[in-house]
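Peer 1: Here is the input, now give the coordinates:
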Amino acid sequence: MTVTVDLEVLPDAELAALRVAALVAAGARHSVEERGAFSFAVSRDSAGTMLHALWDEEVPWEQITIYQVDERVAPPGHPARNLVQLMAELPEEAVFDIRPMPVDDPRLEAAADRYAAELPEALDLVHLGLGEDGHTASLLPGNAVLEVRDRLVAVTGEFRGWQRMTLTYPALDAAREIVWLVTGASKRDALAKLLARDESIPATQVATERQLVIADAAAAARS
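Peer 2: Just a heads-up that it's a prediction; the model follows:
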């Protein structure tokens, strides 16, 4: 299978986020028309403006199921939780099905397996961010989670003060489409490596056939 990673550059971070919101909305409408449902996995990284922008899009909310790409192991309502931001940015009046990662379960490995069982055979669209160190989701440099190929959801070791639950490469690779949102000059080196398929960073190991990177000019600038 040939992996194609296309790049689209917008002038600034806000316009990049608006572009991703438009792509998500269009994907939702198409999927609902074809299959009657749309499954969407969202990351925290750069997601705030993008999620808020969905308020202004024509979105078939009642046919959408939203999953988390990853989550910090923290108590319910804790500001470190990705879910807190996700719920704050989605329209309150919309009716949709959101599936939070069960990170408050003390049996994390079993909880990860339960979450994996809820995933569709193939997510319709996955939104990913990109860390300065080249990680995506919580697929972290040097972490044993990078080697997990027999599970769709796994639990990481501690990273920057938090243990995390994350979709693994097999879950991401099965997705019908991946859209990356990459903004800011600090992501410039990591983005260059992603586009070059430089295997030194975790993000390039995502092998979904269709991938589109939406970046702002600061992230995409050549030094």
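
Peer 1: hey, where'd the strands end up in the protein?
Peer 2: Taking DSSP state E, the strands of the chain run over residues 4-10, 38-42, 64-68, 70-72, 97-99, 125-128, 153-155, 164-167, 178-182, 210-216.

Peer 1: Just give the number of residues close to I214.
Peer 2: Neighbours of I214 under the rule other CB atoms under 10 Å: 27. Where C-beta positions appear, they are placed from N, C-alpha and C, glycine not excepted.

Peer 1: got it, and P79?
Peer 2: 8.

Peer 1: With E93 instead?
Peer 2: Residue neighbour count, defined by other CB under 10 Å, stands at 7 for E93.

Peer 1: before we move on, what about V84?
Peer 2: 16.

Peer 1: just E34 next, same as before
Peer 2: Around E34 there are 10 residues (other CB under 10 Å).

Peer 1: residues in contact with it?
Peer 2: Contacts for E34 (CB atoms under 8 Å, 6 or more residues apart in numbering) come out as none.

Peer 1: buried ones in the helix ranked longest in the chain?
Peer 2: In the chain, taking DSSP state H as the definition, the longest helix is helix 13-35. Buried residues in helix 13-35, counting neighbours by 16 or more other CB atoms under 10 Å, are found at 13, 15-25, 27-29, 31-32.

Peer 1: For the closest residue to G27 other than its chain neighbours, give its distance to V155.
Peer 2: Computed as CB to CB, 6 or more residues apart in numbering, the closest residue to G27 that is not its neighbour in sequence is L125, at 4.9 Å. Noted for L125: a distance of 24 Å to V155, by CB to CB, to the nearest Å.

Peer 1: Alpha carbons of the helix-or-strand element of the chain with minimal mean pLDDT, as CSV, please.
Peer 2: Within the chain, no helix or strand scores below helix 47-53, which has a mean of 84 by mean pLDDT, DSSP states H and E. Extracted in CSV, the C-alpha atoms of helix 47-53 (Å, rounded to 0.1, in the frame of the first residue of the first chain):
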residue,chain,number,x,y,z
ALA,A,47,-8.6,21.4,18.1
GLY,A,48,-10.3,24.3,19.9
THR,A,49,-10.8,26.6,17.0
MET,A,50,-11.6,23.8,14.6
LEU,A,51,-14.3,22.3,16.9
HIS,A,52,-15.8,25.7,17.5
ALA,A,53,-15.9,26.4,13.8
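
Peer 1: How many neighbouring residues does P11 have?
Peer 2: Look at P11: counted by other CB under 10 Å, it has 10 neighbours.

Peer 1: pretty sure it is touching D216, no?
Peer 2: Yes - if you go by CB atoms under 8 Å, P11 and D216 touch, sitting 6.9 Å apart.

Peer 1: Give the residues shared as contacts by those two.
Peer 2: In contact with both P11 and D216: no residue, using CB under 8 Å, 6+ apart.

Peer 1: Can you name the residues that contact Q205?
Peer 2: By CB under 8 Å, 6+ apart, the contact list for Q205 reads 139, 146, 169, 199.

Peer 1: isn't the first one right up against P202?
Peer 2: Think L139. Yes - with contact defined as CB under 8 Å, L139 reaches P202; the gap is 4.5 Å.

Peer 1: Which neighbours do these two have in common?
Peer 2: By CB under 8 Å, 6+ apart, the residues touching both L139 and P202 are L146.
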